[in-house]
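1. Just the structure for this:
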Amino acid sequence: MLLTLFLLFTLVPLVELWLLFRLSGVFGFPTTLAVVLLTGMAGASLARWQGWQAMHRIRNEMSQGIMPAQALGDGVMILVAGVLLITPGVITDVLGLALLVPPFRTAMRKLLQYWLAKNFRVETVVSSPGFEVHGDKEKIVEGRVVEAHVVDTDTE
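-> Model prediction:
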């Protein structure tokens with residue numbers, strides 16, 4: 001996992017830089033810079049708008065007593081899309097814009113659910129309130145009962 005994160009945070013920026021230099025060579029620096037800035041601004045506003053929609057959907061479903069699992073998943077993916085769109089680069093912009101398209105988001109949610117079900121295990125622990133005696137509950141101790149009266153000698 002650590003190697004994957006290391007490669008992700010080193011290779012993706014290098015590929016993004018290489019691609020930006022190539023696009024700059026083809027279209028010119030001002031055009032490439034304008035595309036990067038415009039996709040960042042447009043993506044941020046789209047992510048904000050869709051984020052508000054997801055938030056309202058979550059509130060509505062919760063007020064109806066429905067667990068908003070799908071809306072929460074959409075909200076997380078919209079947040080990731082916003083981060084990707086704000087990050088300068090062509091690959092991150094394409095992935096961010098794709099996550100803002102509802103059919104692509106649905107496909108990604110199903111893929112993520114499959115991956116989580118395959119790679120993680122959920123266990124539930126249930127406990128009862130109060131105290132429980134462990135061991136032999138039928139054990140009877142034989143003996144004589146002595147009645148006594150406690151006298152407090154520490155009276156001040």
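
2. Counting neighbours, what do you get for residue 94?
-> Burial measure for residue 94: 13 neighbouring residues, criterion other C-beta atoms under 10 Å. The C-beta positions use only the backbone N, C-alpha and C, and glycine is treated the same way.

3. can you check residue 81 too?
-> The burial metric for residue 81, expressed as a neighbour count using other C-beta under 10 Å, is 26.

4. so it touches residue 97, yeah?
-> Yes: contact between residue 81 and residue 97 holds when scored by C-beta atoms under 8 Å: they sit 7.5 Å apart.

5. Going along the chain, name the strands of the protein.
-> Taking DSSP state E as the criterion, the chain contains no strands.

6. one step back: touching both of residue 81 and residue 97, which residues are there?
-> residue 43 (C-beta atoms under 8 Å, 6 or more residues apart in numbering).

7. all helices for this structure, in order.
-> Under the criterion DSSP state H, the chain contains helices at 2-27, 29-63, 69-86, 90-99, 102-119.

8. and those helices as TSV, adding mean pLDDT and distance to residue 153?
-> Rendered in TSV, the data for the helices of the chain read as follows (pLDDT from 0 to 100; distance: least, C-beta to C-beta, whole Å):
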stretch	mean pLDDT	distance to residue 153
helix 2-27	89	67
helix 29-63	87	62
helix 69-86	87	65
helix 90-99	89	77
helix 102-119	89	66
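
9. Which of those helices sits closest to residue 125?
-> helix 102-119 (20.1 Å; C-beta to C-beta).

10. Show me what counts as buried in that closest one.
-> Neighbour-count burial for helix 102-119, with 16 or more other C-beta atoms under 10 Å as criterion, is recorded at 105, 108, 109.

11. If we ignore the residues flanking it in sequence, what's nearest the second one?
-> I take that to be residue 108. Distances taken as C-beta to C-beta, 6 or more residues apart in numbering place residue 77 nearest to residue 108, at 6.4 Å, with adjacent residues excluded.

12. Surely the one you found touches residue 102?
-> No: under the criterion of C-beta under 8 Å, residue 77 makes no contact with residue 102, lying 10.0 Å away.
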